[in-house]
Structure formats: structure tokens, C-alpha cells
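**Q** Mind folding the following:
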Amino acid sequence: MTVYPQLASGALSQFPVQKTRRARTVVNRAADGSTIKLADPAGEVTEWVLTYTDLSDDEAAGLRAFFSAAEGTLNGFTFLDPAGNLLAWSEQLDHAVWQKDPLLSLTGNIADPHGTTRAWRLNNGGQAEQAAGQTLAAPGEYQYCFSVYVRSTTATSVGLTVGSQTARRTVSRDWTRIACMASGAPGATSVHFAVAIGAGDVLDVYGLQVEAQTSASGYKASGPGGVYEDAHLGDDDLTITTTDVNRHSCTVKIIHANHL
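**A** Predicted structure coming up:
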């Protein structure tokens, strides 16, 4: 799996990040003059413009090697959206994309920390730990931040799983955002992320988010998720300007089209 490189800082990009999404609508005009309009998901195009400054020699070399491997615009690669939530359907835990252990029950429409009812209640009715999560088609060697808002009526803890690593975090009666930073297995082409609760525990969760960086940014509700397979470079040339010793700058355009 060819993947867009992560910087030494653990980030995929620097500010500013420009992201543009263009949708397409199919219009059918009938003989009587009426029209029928339908969304055409296959025609959606997403474009990112990433501007880099003060790249190190190693980071600049990594971008050059990636451009060479992609052969400019020719070959596709996996791109993790630096401006999005990598998890899919973050507010629909009953969606098929979520993998749920059999004794874990879910209840929706729970009051969340932002004054709406988009949180979920997780109830473990079993005698062992139960979890809900997703497996993303993402590189194991990347650094990830997995974050979620949690609360419980009784003092307890929750496990945040990233790949084979699980970090325990304390849960209180008030909404608290917790996070875990970790990597998957080196060379792996997928990473599993999950929230695990103990036997008999009841936990409210909201705002589950995974990002390819070392700390959490503001929560972003997701639809299909921020893992874009078969993305392409927008240019066949990469111009890197050296601004000082061990300092370089460049701009990279990335395009993902559903119909390609």
C-alpha cells in the first residue's frame, strides 16, 4: 500500500490546509418541462492543497521519494485527510461500519456535552470487557490520536485501543475528553481503533475521532470517513525551494475523485 508520508512531527500537513469538495447533481428534464434532480455521489471530487515551510532535509527527501514512487499523477495512493475525522459515521454507532462485541448494547439520542442529543450509551451486560470500534485501511507505522468524550454515573475507567495497544483512562460523572496517542504494527495495512468498557459498566460516549497526528483537534462529525484510497497527485512536478540550511518549502496538490 502506497501512502502519503507523515512529517517527523507526526502531522500530515502544516497550516494553512485548503480543502475543496465539489459535488455533482444529475438533472433530468421531462417532456412536460418538469425536472428531477438526484445527487450523484460517483461524481464527487475532493481536493487538498498542502503548503509546507521549514521542512527538514529528511522530510523533503521523503516527499521527493513519494513523488517518484507515485510517478506524479499516474499512480494512486492512500491519503488520510488532515482536516477530517478518519472514523466513518462517528455519530451513528449502530452503522454497519462499527464492529461491536455481542454483549454490548447501544442506546442513541443521549444528551451530549454540546447541548444536543448525539451521544450514545454503551451498556456492557456481559462478564468480560466488551468493545465497539472500527478497523481503518491505514498504515500501521503512522502516529494516531484517538479521542472521545466520556462520562459515567459511577467512577470507572475505559480502554482506548489503537492497534494492539490499549490505554486506560479514568471516567467521571462529568463529560471529559480523553485521548490516546499510539501507532499500529509497523508494515501493517490496517489499524483497529476501539472503546472498551468493563463488565457491567455503563458509559456515555460522544465525538469519537481518529486523526493522523499526535494530539487531538476540535471534534469533527464524519460521514464516510477521512481515509481516501486511490487518491492522486494533482501535478506531475514537485518544486521544492531551499530557504536555509535544512529548511525547505513546497506546495502539494492532492485529488480524490470517486469516479476514478
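
**Q** mind checking pLDDT for the residue nearest the centre of the chain?
**A** Nearest to the geometric centre of the chain sits L86, at 1.2 Å (CA atoms, centre = their mean). As summarised for this prediction, L86 has a pLDDT of 98.

**Q** Please apply the same query to A39.
**A** The per-residue pLDDT of A39 was computed as 76.

**Q** Look up how far H256 lies from it.
**A** 17 Å (CB to CB, to the nearest Å). For every residue, glycine as well, the C-beta is placed using N, CA and C.

**Q** who's more crowded, these two?
**A** Taking A39 and H256 together and counting by other CB atoms under 10 Å, H256 has the greater number of neighbours (19 against 11).

**Q** Can you name the residues that contact the more buried one?
**A** Under the criterion of CB atoms under 8 Å, 6 or more residues apart in numbering, the contact partners of H256 comprise V45, T46, E47, F79, Y228, D230, A231, H232.

**Q** Check the secondary structure at it for me.
**A** Under DSSP: H, G, I helix; E, B strand; the rest coil, H256 falls in the strand class.

**Q** For it, name its beta-bridge partners.
**A** Here H256 shows beta-bridge partners T46, assigned using DSSP bridges.

**Q** Kindly report the same for A167.
**A** Taking DSSP bridges, one finds L160 as the beta-bridge partners of A167.

**Q** quick one: it and V148 touch, right?
**A** No - in this structure, A167 sits apart from V148 without contact. The criterion is CB atoms under 8 Å, and the distance is 11.8 Å.

**Q** more crowded one of those two?
**A** Shown here are A167 and V148; by other CB under 10 Å, V148 has more neighbours (25 against 15).

**Q** what's across from the more buried one in the sheet?
**A** According to DSSP bridges, the partner residues bridging V148 are I178.

**Q** Now do it against H248, distance only.
**A** Going from V148 to H248 by CB to CB gives 37 Å.

**Q** try Q143
**A** Counting by CB to CB, the gap between Q143 and H248 amounts to 22 Å.

**Q** check contacts around the residue with the largest distance to the centre of the chain.
**A** Each residue of the chain has a distance to the centre, and by CA atoms, centre = their mean the biggest one is for D32: 46.0 Å. Shown here is D32, which makes no contacts under the criterion CB under 8 Å, 6+ apart.

**Q** before we move on, what about A167?
**A** By CB under 8 Å, 6+ apart, the residues touching A167 are G159, L160, C180, A182.

**Q** Now do the domain split for the chain, please.
**A** Following automatic domain parsing, one finds the domains of the chain at 17-83+227-257, 99-211.

**Q** I'd say G72 and K253 touch.
**A** No - no contact is recorded between G72 and K253 when judged using CB under 8 Å, the distance being 11.2 Å.

**Q** what sits in contact with each of these two?
**A** The contact lists of G72 and K253 share L233, D235, where a contact means CB under 8 Å, 6+ apart.

**Q** D40 reaches V27, doesn't it?
**A** No - here D40 does not reach V27: they are 10.0 Å apart, not a contact under CB under 8 Å.

**Q** ok, these two, which is more surrounded?
**A** D40 (14 against 9).

**Q** What residues of stretch 170-185 count as buried?
**A** Of all the residues in stretch 170-185, those buried under the rule 16 or more other CB atoms under 10 Å are V171, W175, I178, A179, C180, M181, A182, S183, G184.

**Q** Give the rounded mean pLDDT of it.
**A** Model confidence over stretch 170-185 averages 96 on the pLDDT scale.

**Q** Outside of that stretch itself, which residues are in contact with it?
**A** Residues from elsewhere that reach stretch 170-185, judged by CB under 8 Å, 6+ apart: 112-113, 138-153, 155-158, 160, 162-165, 167, 169, 190-192, 203-204, 206-207, 214-216.

**Q** Quick one: buried ones out of these?
**A** For these, a neighbour count by 16+ other CB under 10 Å gives the buried set as 112-113, 138-140, 142-152, 156-158, 160, 162-163, 191-192, 203-204, 206-207, 216.

**Q** Many thanks, I have nothing further to ask.
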